[in-house]
Each structure stands twice: as structure tokens, then as C-alpha cells.
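J.: need coordinates for the following:
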Amino acid sequence: MNRILVPFVCIFLPALVLAEEKSPDLSNLKKEVETIVLRYYPEAKVTVEGAKIEFAFNTGKFIERRPRKDGQLQQPAEYVGPKAGGILGTIQLISGEYSAAAAMPYTFAYEHYKSYGMAPYSKEHDCHLHVRIAYPADVKEKFLTELTDLLKDFEKHLPQK
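T.: Residues are numbered from 1 along each chain as shown. This is a model prediction of the structure:
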């Protein structure tokens with residue numbers, strides 16, 4: 001098995017590293033996201049790892065039965081989401097246009113919180129943001145508006161080509 005894995009890693013790892021190097025610098029976008037998040041959630045943690053920005057405050061684990069595409073409920077599973085007064089978000093930069101199955105933007109209502117998703121595209125950089133923001137009923141609408149407005153125009157915060 002190791003003999004198969006070594007050539008695989010040798011062939012594909014340089015391509016992954018190269019793709020990571022070509023990814024636009026997210027430091028300006030992270031700074032803008034952090035400014036908005038910390039204005040409304042001063043104790044939130046905002047991190048960047050590679051092409052992903054994450055933020056979280058006052059989250060917990062919830063057992064939920066989520067619907068499948070056919071409307072039937074899945075088996076109960078554990079999900080991390082925001083508690084009252086909390087927030088949870090992931091913003092990932094992905095090359096090319098969005099092409100997954102879920103129509104964007106979307107809002108799903110779960111038992112304890114809602115989940116909003118969007119995938120704005122930058123033609124200049126040929127990439128999109130895959131955004132998921134989970135928030136409880138007590139979220140400040142102004143926070144969501146400011147953050148989504150920023151993310152719709154994300155390419156303004158990427159380095160010029």
C-alpha cells in the first residue's frame with residue numbers, strides 16, 4: 001500500500017502546493033471581515049488558514065434531524081451551531097465559478113439556528129467565495145447586511161492582478 005501512496009503524493013502534492021501559492025492573499029478581506037464580526041461580537045475568534053476565513057462565538061453542539069433532498073428526515077446527527085447570542089461562519093475561496101448542487105443564495109432554518117449561504121464570483125480572479133453563516137434568532141440584522149454586502153464585493157479586497 002505504501003508503494004502506491006508514495007507516487008500519488010509525489011505527483012499530486014506539488015499541484016496542491018502550487019494551487020495554494022496561486023490563491024490570492026486573503027489578509028485584506030480577513031481584516032474587513034474581522035472588523036465587522038468584532039464590532040457585533042467582540043469576543044469572537046476570527047482565523048485564516050490557507051484560503052479559508054472562519055469566525056465563531058458562543059457555539060455548541062446540537063442533535064438534529066435534517067431533511068434530505070426528497071423531504072424525508074435524515075437520522076439524528078450532531079452539528080455545531082451558534083447558541084443564543086452567538087455566531088458561526090466559514091468563508092472559503094475556491095477557484096472557478098460555483099457549481100455545487102445547492103442553489104445560492106439560500107437560507108435553511110434548523111431547530112436552533114438558521115444557516116445562510118452565498119457564493120459570489122470574481123471574474124477578474126476566476127474564483128468564488130463559498131460562504132456559510134449560521135446565526136440564532138437574536139442575530140442583529142445589521143450585522144448580516146454589513147457582512148453579506150462586504151462579501152458580495154469581495155474582489156475589491158483581493159490583490160489586483
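
J.: before we move on, what's the pLDDT of the closest residue to Asp25 other than its chain neighbours?
T.: Excluding the flanking residues, the one nearest Asp25 by C-beta to C-beta, 6 or more residues apart in numbering is Pro159, at 5.3 Å. Glycine gets a C-beta too; all of them are placed from N, C-alpha and C. For Pro159, the pLDDT comes out at 84.

J.: what's the helix or strand for Pro159?
T.: Take DSSP states H and E as the rule and Pro159 turns out to sit in neither a helix nor a strand.

J.: measure it to Ser27 for me?
T.: Going from Pro159 to Ser27 by C-beta to C-beta, to the nearest Å gives 9 Å.

J.: same deal with Lys52?
T.: Taken as C-beta to C-beta, the span from Lys52 to Ser27 is 13 Å.

J.: then Gly89?
T.: 18 Å.

J.: same check, this time on Arg132
T.: For Arg132, the distance to Ser27 - C-beta to C-beta - is 21 Å.

J.: more crowded one of these two?
T.: Between Arg132 and Ser27, Arg132 has the larger neighbour count (other C-beta atoms under 10 Å), namely 17 against 12.

J.: the more buried one against Gly117, yeah?
T.: Yes. The pair Arg132 and Gly117 passes the contact test of C-beta atoms under 8 Å, sitting 5.1 Å apart.

J.: mutual contacts of those two, please.
T.: Listed as contacting both Arg132 and Gly117 by C-beta atoms under 8 Å, 6 or more residues apart in numbering is no residue at all.

J.: check what pLDDT the nearest residue to Lys152 once chain neighbours are set aside gets.
T.: Among residues not flanking Lys152 along the chain, Pro120 sits closest, at 5.1 Å (C-beta to C-beta, 6+ apart). pLDDT, Pro120: 96.

J.: now swap in the one 3 residues further on and tell me
T.: Looking at Lys123, its pLDDT stands at 92.

J.: that one: neighbour count?
T.: 8.

J.: quick check: it vs Glu155, distance?
T.: Look at Lys123 and Glu155: by C-beta to C-beta, they are 8 Å apart.
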